[in-house]
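> 3D model of this:
(2 chains)
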Amino acid sequence: MRVARVAVLLSLLLAACARAEPETTVSGPPTPPDATPAALPPAGTVAPPAAKPPAAAPALDLNSLETRLRETKAIGIFTKISLKNLVDDLLDNFRDYYGGKAKLTMKDLRRSYDLLMMKVLSLLQDDDQKLASAIVSSREAIWRLLADEKKFATFKT
Amino acid sequence: MNKVTVTLARSLVVAALFAVPSSAADDEALRKDLTAVIALHGLPCGEVVAVKVLATEDYAASCKDGNRYHIFLNAEGRVVVEKQK
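Model prediction:
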């Protein structure tokens, strides 16, 4: 049962990622506008293997990220449930905000969101650094979902 | 003592040797978990140094700074942290 609850928490975070625009995946360094294709090798020579494009940050594999969050041992069960409670509270605040019931501003919500992410990252960064990095990568994507009323309305918890 | 008894006794000794570190690791994990929970609730603690299991998902935690907390999962699925006097 606890595992199911944890799964809900993790799904919340990750469903947000999943609904994010593809463009929100982390991209590599910008390509200069005047960049041109590499020069062709002289005729008669064997072309070397095509150089790989500049290493863009890997697109987030949300399924594996979800699995990793669910299975990470960096966070204990009670901590995962506590985080789920905090996520639920934040989502309630967004619902109230979009419903005109809250006195909170978007700036307040952003502050709450940042604080929550910092808590998650603080818990992960020592014992599961890779997962912490993956979450950092999806941080803005999740925010864009939350901060967009239409996208948020389609978000089922 | 017959061979079966000796073998059984040896097995129990070996099992005990492995069981103790495992239990210690579990305790350490639980203390760490509850330390994080208390911190997430914004309460002072520093570090949980002792835990008493009161029931399933129901603990009494003692902190390094002297604070004590009752930590449990309520019917709504929320983790509750209550400061104990």
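> What residues sit buried inside stretch B:26-34?
Neighbour-count burial for stretch B:26-34, counted by 16 or more other Cβ atoms under 10 Å in any protein chain shown, picks out B:30-34. Every residue, glycine included, has its C-beta placed from N, CA and C.
> can you put these in JSON lines and add distance to chain A?
Below are these laid out as JSON lines (distance: Cβ to the nearest Cβ, whole Å):
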{"residue": "B:30", "distance to chain A": "7"}
{"residue": "B:31", "distance to chain A": "9"}
{"residue": "B:32", "distance to chain A": "6"}
{"residue": "B:33", "distance to chain A": "3"}
{"residue": "B:34", "distance to chain A": "6"}
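> any chance of those residues in a markdown table, with pLDDT and secondary structure too?
Shown next, in a markdown table, are the buried residues of stretch B:26-34 (pLDDT from 0 to 100; DSSP: H, G, I helix; E, B strand; the rest coil):
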| residue | pLDDT | secondary structure |
| --- | --- | --- |
| B:30 | 94 | helix |
| B:31 | 96 | helix |
| B:32 | 94 | helix |
| B:33 | 95 | helix |
| B:34 | 97 | helix |
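> Helices of the chain, start to end?
Going with chain A. Ranges of helices in chain A, per DSSP state H, are A:2-18, A:62-71, A:77-98, A:106-124, A:129-147, A:149-153.
> Chain B, not that one
Counting by DSSP H, the helices of chain B are B:3-40.
> among the helices and strands of it, which one scores worst on average pLDDT?
helix B:3-40 (a mean of 77; mean pLDDT, DSSP states H and E).
> burial of whatever residue of chain A ends up closest to chain B, as a residue count?
Using Cβ to the nearest Cβ, the single residue of chain A nearest to chain B is residue A:76, 2.6 Å away. A total of 19 residues lie near residue A:76 under the criterion other Cβ atoms under 10 Å in any protein chain shown.
> ok, now which ones touch it?
B:29-30, B:32-34, B:36-37 (Cβ atoms under 8 Å, 6 or more residues apart in numbering or on different chains).
> tell me which residues form a beta bridge with residue B:63?
residue B:48 (DSSP bridges).
> Now for it, how many residues are close by?
20.
> and it, what does it touch?
Contacts of residue B:63 (Cβ under 8 Å, 6+ apart): B:38, B:44-49, B:69.
> How about residue B:79?
So, once contact is read as Cβ under 8 Å, 6+ apart, residue B:79 ends up touching A:78, A:81-82, A:85, B:37, B:71-73.
> one more time with 7 Å, if that's ok
Listed by Cβ atoms under 7 Å, 6 or more residues apart in numbering or on different chains, the contact set of residue B:79 reads A:78, A:81-82, A:85, B:37, B:71, B:73.
> Mark which of those are buried, thanks.
Looks like those have A:78, A:81-82, A:85, B:37, B:71, B:73 buried, using 16+ other Cβ under 10 Å.
> sorry, back to before: out of the contacts of residue B:79, which comes closest to residue B:3?
residue A:78 (46.8 Å; Cβ to Cβ).
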